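Trainee: all I have is the shape, not the residue letters:
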DNA sequence: CATGCGGATTGACCCTAATCAAATAATTTT
DNA sequence: AAAATTATTTGATTAGGGTCAATCCGCATG
């Protein structure tokens, strides 16, 4: 891990993100004051479950994976965040302890906002509080969606649902590139990699073609029915 | 469903709850102004997924079950809230649309706080915003826990974990009464009722006795090891 | 006390996905 | 481009739970 200062480009990216965009410029700058940047290699751990965390993180590039560990060492993914997303914000209000482990799922650059300061600002400034509320709601809903999918859908259905979530409305056929390794996708969907692979081959009969990271859909309806 | 006015006892219960206790009295009263109470029979639906909700709910008595529906009509429980808990708060920040269905899991009385007003107060008042932030964090963590348990634990382990969560630290043997039907517990743990039953009988060999709703634990260690 | 009902348990069976092992791609390194 | 890693796929097997059906139990009711 190397730590750097915030470049002006980083700053611009941060300010354009959903979280900061809603805030008055001065407020956003106040939050960013003191923010540093760190770079990590794939597999680096940023923080561990139940340990203290002093930052809220913003992904500038790369991918982060939040997961919990079972007694037997197995890992359960809680969430995966790509560039532009914030994570670790809930620790701020839970005694500054992480609820999960955070691991770089590919080479990663994050901005580290000082969590104590951010918490303080949220306590004084309703705009900041509001932004945090929406962030927490959004993340909460994501987890809820995940839980519901786990309980309601089979592996191929979860994969179909994932694919559809990337399909713009109205199109009946389209293609896109997976934003990360199948490995990571499997974890995110709560599947072993083998199960993901088999799910894809199930979906072939519904017009899904997989070539490397590129997914092609011939028939949206068929996928929705699955 | 019948609707009533808030009794002074209801009001006292509300003000003593975790959410309101942190707020200045006047602020709490402002939130409660306009609050009404409704009673529901078991199985009544309070709101449905994706439909508009205009309240945030506080359980005065009984039990509520939040669940999502699958395409095939199967139900997946997202959370179960007993007396004293608040639910439906996330809809406030998601265009006033519920993320799940809410059903009374037993005869139920809830206080209905006007969500638009509460949202407005949160936007003006940092105390209110703070209280909401902590509520959202708490609920978010609950969902996260649930997701992790689903992915990491077998049925007997989930049941063991549930039992342990009711065991005061330090005690090695104790007993308690399930706060709801096994039916509901099964749903909350993401199990079919049959699987819950079988899990209990697995746990017999680790010193767990089940008589009706009463659970008795002989050996805490054994349960933790499971 | 007999009856009926709903919840809970048990048994039988099946299906899904995890696991382990091996074979193939894909990438990276040399 | 060959070698060496690192992903991904495929096959075989197994464990964990879901589902369905039958039975049992506890409790309320007449």
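Mentor: Structure received. What you see is a predicted model; the values in this text were computed from it and never measured.

Trainee: could you point out the longest helix in chain A?
Mentor: Taking DSSP state H as the assignment, the helix of chain A that covers the most residues is helix A:126-152.

Trainee: whichever helix or strand comes after it packs against which elements?
Mentor: Per DSSP states H and E, the first helix or strand lying C-terminal to helix A:126-152 is helix A:155-164. Helices and strands touching helix A:155-164, as assessed by 3 or more CB pairs under 8 Å, 6 or more residues apart in numbering or on different chains; DSSP states H and E, comprise helix A:126-152, helix A:193-204, helix A:220-225. (Glycine included, C-beta is placed from N, CA and C.)

Trainee: change it to 7 Å
Mentor: Under the contact definition 3 or more CB pairs under 7 Å, 6 or more residues apart in numbering or on different chains; DSSP states H and E, helix A:155-164 sits against helix A:193-204, helix A:220-225.

Trainee: would you mind listing what in chain A touches DNA strand D?
Mentor: Within chain A, the positions near DNA strand D by CB under 7 Å from any atom of the strand are A:181-183, A:193-194, A:196-198, A:200-201, A:210, A:213.

Trainee: which ChimeraX command selects the buried ones in those?
Mentor: Per 16 or more other CB atoms under 10 Å in any protein chain shown, the buried members of those correspond to this ChimeraX selection:
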select /A:182,196,200,210
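
Trainee: adding distance to chain B and pLDDT, write the residues of chain A next to DNA strand D out as CSV.
Mentor: Output for the residues of chain A next to DNA strand D, formatted as CSV (distance: CB to the nearest CB, whole Å; pLDDT from 0 to 100):
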residue, distance to chain B, pLDDT
A:181, 19, 94
A:182, 18, 96
A:183, 16, 94
A:193, 15, 97
A:194, 16, 97
A:196, 15, 97
A:197, 19, 97
A:198, 18, 97
A:200, 21, 96
A:201, 22, 95
A:210, 24, 93
A:213, 25, 92
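
Trainee: just the mean pLDDT for stretch A:158-173, thanks.
Mentor: The average pLDDT for stretch A:158-173 rounds to 91.

Trainee: count of residues packed around residue A:103?
Mentor: For residue A:103, the count of nearby residues is 21 (other CB atoms under 10 Å in any protein chain shown).

Trainee: can I get the residues of chain A next to DNA strand D in a markdown table with distance to residue B:83?
Mentor: Below are those laid out as a markdown table (distance: CB to CB, whole Å):
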| residue | distance to residue B:83 |
| --- | --- |
| A:181 | 46 |
| A:182 | 46 |
| A:183 | 44 |
| A:193 | 44 |
| A:194 | 45 |
| A:196 | 42 |
| A:197 | 47 |
| A:198 | 45 |
| A:200 | 47 |
| A:201 | 49 |
| A:210 | 50 |
| A:213 | 50 |
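
Trainee: where's the spatially most central residue of chain A relative to residue A:156, distance?
Mentor: Centroid-nearest residue in chain A, with CA atoms, centre = their mean: residue A:81, separated by 1.7 Å. To residue A:156, residue A:81 is 25 Å away according to CB to CB, to the nearest Å.

Trainee: ok, residue A:31 next?
Mentor: 43 Å.

Trainee: rewinding a little: include distance to DNA strand C when you put the helices and strands packed on helix A:155-164 into CSV, please.
Mentor: Shown next, in CSV, are the helices and strands packed on helix A:155-164 (distance: least, CB to the nearest atom of the strand, whole Å):
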stretch, distance to DNA strand C
helix A:193-204, 3
helix A:220-225, 15
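
Trainee: those into CSV, with extra columns for distance to residue A:176?
Mentor: Shown next, in CSV, are the helices and strands packed on helix A:155-164 (distance: least, CB to CB, whole Å):
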stretch, distance to residue A:176
helix A:193-204, 14
helix A:220-225, 13
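
Trainee: residue A:75 is nearest to which of those?
Mentor: Closest approach to residue A:75 among those is made by helix A:193-204 (12.6 Å; CB to CB).

Trainee: show residues contacting that closest one.
Mentor: Residues from elsewhere that reach helix A:193-204 (CB atoms under 7 Å, 6 or more residues apart in numbering or on different chains): A:155-156, A:159-160, A:182-183, A:185-186, A:189, A:208, A:210.

Trainee: by how many degrees do that helix and helix A:155-164 diverge?
Mentor: 70 degrees (axes from the mean of the first three to the mean of the last three CA atoms, to 10 degrees).

Trainee: now the helix or strand following helix A:193-204: buried residues?
Mentor: On the C-terminal side of helix A:193-204, the nearest following helix or strand under DSSP H and E is strand A:208-211. Using 16+ other CB under 10 Å as the test for burial, strand A:208-211 gives A:208, A:210.

Trainee: same deal with stretch A:116-123?
Mentor: A:118-119, A:121-122.

Trainee: ok, now stretch A:87-106?
Mentor: So stretch A:87-106, judged by 16+ other CB under 10 Å, has buried residues A:87-93, A:96, A:98-106.

Trainee: so which of these belong to strands?
Mentor: Using DSSP state E, the subset of the buried residues of stretch A:87-106 located in strands is A:87, A:101-106.
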